[in-house]
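Colleague: Structure, please.
(chains A and B)
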Amino acid sequence: GAVVSQHPSRVICKSGTSVKIECRSLDFQATTMFWYRQFPKQSLMLMATSNEGSKATYEQGVEKDKFLINHASLTLSTLTVTSAHPEDSSFYICSAQQGTGAFGSYNEQFFGPGTRLTVL
Amino acid sequence: RKEVEQDPGPFNVPEGATVAFNCTYSNSASQSFFWYRQDCRKEPKLLMSVYSSGNEDGRFTAQLNRASQYISLLIRDSKLSDSATYLCVVNKDNYGQNFVFGPGTRLSVLP
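Modeller: Numbering: from 1, shown residues only, chains lettered A, B, ... in the order given. Presented below is the predicted three-dimensional model:
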């Protein structure tokens, strides 16, 4: 299957700092990447959908000025958590979708290993 | 009502047992369906897609009932390595743009 990497895998930062998380598709071009957040004992919640070369689409309740997404190439999307606070501590997972998203196997989203953010 | 609901769990079963997970979804326009498994503190991994005719992959069988908006996953002869959280995932269209994850059902297979 396709491989998606995330960096860093874990980050601990002080309140008020900004944190950048990278998501890369290593062996395929990802037209669309997705950013999810998962709090302890809860399921994944979609934060935003990122299409290469265009602005991200944010889910309701997700502040676009706080969670900046840049999808500059077909293999890289970044999520920047600006002015992080303890309530932003969570497991952030990206996924990448191969191809145009048409019928069949391109529906599959390949997930990165996640980034665990702890804000002190 | 949540878009995707699952058995609350956890399920604790002995090795070799058969276990079934249930999932319901609220959006009748949903087009495709998946089961993912997620190990503790790891990313979800695709277990299997769910087709209208039902499908089987080794010890795993998935079924879909569109009329009832119900999906199931059956695991036969469970192994210790099957211990994980099983996520029911519903895609609202056929373009991979709208994955909705269920809350997950945790399975512990005991020796």
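
Colleague: Centre of the chain to the lowest-mean-pLDDT helix or strand in chain B, how far?
Modeller: Scoring the helices and strands of chain B by mean pLDDT, DSSP states H and E places strand B:99-101 at the bottom, with a mean of 89. Taking the mean of its C-alpha atoms, strand B:99-101 sits 12 Å from the chain's own mean (Cα atoms, centre = their mean, to the nearest Å).

Colleague: If we go by neighbour counts, what in that strand is buried?
Modeller: By 16 or more other Cβ atoms under 10 Å in any protein chain shown, the buried positions in strand B:99-101 come out as B:Phe99, B:Val100, B:Phe101. All C-beta atoms are positioned from the backbone trio N, CA, C, and that covers glycine.

Colleague: Contacts only, for the last one.
Modeller: Applying Cβ atoms under 8 Å, 6 or more residues apart in numbering or on different chains, one finds that B:Phe101 lies in contact with A:Tyr36, A:Ser43, A:Leu44, A:Met45, B:Val4, B:Tyr36, B:Pro44, B:Leu87, B:Cys88, B:Val89.

Colleague: Weed out the non-buried ones from those residues.
Modeller: Among those, the ones that count as buried by 16+ other Cβ under 10 Å are A:Tyr36, A:Ser43, A:Leu44, A:Met45, B:Val4, B:Tyr36, B:Pro44, B:Leu87, B:Cys88, B:Val89.

Colleague: least confident pick among those?
Modeller: Among those, A:Ser43 carries the weakest pLDDT, at 85.

Colleague: so that one makes contact with B:Val100?
Modeller: No. Using Cβ atoms under 8 Å, A:Ser43 is not in contact with B:Val100, being 9.2 Å away.

Colleague: In JSON lines: the buried ones among the contacts of B:Phe101, plus secondary structure and distance to B:Asp57.
Modeller: Output for the buried ones among the contacts of B:Phe101, formatted as JSON lines (DSSP: H, G, I helix; E, B strand; the rest coil; distance: Cβ to Cβ, whole Å):
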{"residue": "A:Tyr36", "secondary structure": "strand", "distance to B:Asp57": "25"}
{"residue": "A:Ser43", "secondary structure": "coil", "distance to B:Asp57": "23"}
{"residue": "A:Leu44", "secondary structure": "coil", "distance to B:Asp57": "23"}
{"residue": "A:Met45", "secondary structure": "strand", "distance to B:Asp57": "28"}
{"residue": "B:Val4", "secondary structure": "strand", "distance to B:Asp57": "21"}
{"residue": "B:Tyr36", "secondary structure": "strand", "distance to B:Asp57": "14"}
{"residue": "B:Pro44", "secondary structure": "strand", "distance to B:Asp57": "17"}
{"residue": "B:Leu87", "secondary structure": "strand", "distance to B:Asp57": "16"}
{"residue": "B:Cys88", "secondary structure": "strand", "distance to B:Asp57": "16"}
{"residue": "B:Val89", "secondary structure": "strand", "distance to B:Asp57": "16"}
